[in-house]
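In: Pasting the sequence and the predicted coordinates here, then a few questions.
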Amino acid sequence: MKKLNIYFTAGIPQLEDTADIIQLIQDSGADMIEIGMPYSDPVADGPVIQKAHELALQNGMTIEKLFSQLKAIKDKIKVPIILMGYVNPVLSFGFEKFCAACSESGVSGLILPDLPPIEFEKNYQQILKQYNLNFTFLVTPETSDERMIYLDSLSSGFLYAVSSSSTTGNENAVVKNENYLSRLASLPLKNPVMIGFGIKSKEDFENVTENADGGIIGTAFVNILLQDRDWKKKAIDFIHSIKG
């Protein structure tokens, strides 16, 4: 079975919906949950997720708040929780303090796409190991084989393969880039490969995960949280439609 990772931004539609959304994603059959930490300048994200960041910040979401929400439900959550965000807010919070809080809140890994690998190796890798946290790097169709192997060697948990070098949720993202996906499949990588960006349906999911271990869905899910009054039912139906 291919793994399904669902992403949402913490603090939407309402500030206190986080626990309900995590529970709903788990109960609907997803294999892992990626939670976006809202940031005021989310440059790598498309318009939908930018809007989610904006709303979450307006709602008053902070890293402290997110940790307290996660702590409150950690005993009920059995699937891995991964925090994704930009490195600045994490450094402002204090990197080691952040890792300790992750550890206490049941978080199993981090994705900070704008943290350079060289800095990661020099300053942060040991701290993550100390707190038993995975760290995932991103690769794109433009990443050379050699660099993919290097980023995979630094990653733990999984390797995040962006299906096109565009921002998240781009309508024109070429969901299935055959050469790229078969190249990834042929490399001697140690981590499972999860494909992200552009998956909106079961058909997309099956297409892109054919040669990979699973897929990550963000924009299509966040859209439901932003647009539907009846988001709970829609969100459950959506996950069932992918996993069904």
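Out: Good, I have the coordinates. Numbering: from 1, shown residues only.
In: Can you give me the first-to-last residue distance of stretch 183-201?
Out: 24 Å (C-alpha to C-alpha, to the nearest Å).
In: I'd like to know how many residues surround Ile242.
Out: Neighbour count for Ile242, taken as other C-beta atoms under 10 Å: 24. Heads up, the C-betas are built off the backbone N, CA and C, glycines and all.
In: Surely it and Glu203 touch.
Out: No - contact between Ile242 and Glu203 fails when scored by C-beta atoms under 8 Å: they sit 9.8 Å apart.
In: and the gap between Ala52 and Gln26?
Out: 20 Å (C-beta to C-beta, to the nearest Å).
In: How about residues contacting stretch 127-140?
Out: Residues from elsewhere that reach stretch 127-140 (C-beta atoms under 8 Å, 6 or more residues apart in numbering): 82, 95-96, 99-100, 102-103, 107-113, 117, 120, 124-125, 147-148, 151-152, 154-162, 164-165, 184.
In: Report the buried members of those residues.
Out: 82, 95, 99, 102, 107-113, 120, 124, 148, 151-152, 154-162, 164-165, 184 (16 or more other C-beta atoms under 10 Å).
In: State the mean pLDDT of the lengthiest strand in the chain.
Out: In the chain, assigned by DSSP state E, the strand with the most residues is strand 3-9. For strand 3-9, the mean pLDDT works out to 98.
In: and Ser92, how many residues sit next to it?
Out: 10.
In: Low-confidence bits of this structure, can you list those?
Out: 163-176 (pLDDT under 70).
In: which residues of it fall in strands?
Out: 3-9, 32-36, 81-84, 109-111, 134-135, 138-139, 159-162, 193-196, 214-217.
In: now what about the longest strand of the chain, what contacts it?
Out: Contacts for strand 3-9 (C-beta under 8 Å, 6+ apart): 21, 25, 29-36, 38, 49, 52-53, 55-56, 82, 84, 192, 194, 196, 205, 213-218, 221-222, 225, 239, 242-243.
In: and if you look at stretch 220-228?
Out: 6-9, 12-13, 17, 21, 48-49, 51-52, 55, 169, 199-201, 231, 234-235, 238-239.
In: Just the buried residues of the residues you listed.
Out: Here, 16+ other C-beta under 10 Å leaves 6-9, 12-13, 17, 21, 48-49, 51-52, 55, 169, 199-200, 231, 234-235, 238-239 buried among these.
In: neighbours around the closest residue to Ser40 other than its chain neighbours, how many?
Out: Nearest residue to Ser40 in three dimensions, chain neighbours excluded: Leu57, at 6.4 Å (C-beta to C-beta, 6 or more residues apart in numbering). When neighbours are defined as other C-beta under 10 Å, Leu57 has 16 of them.
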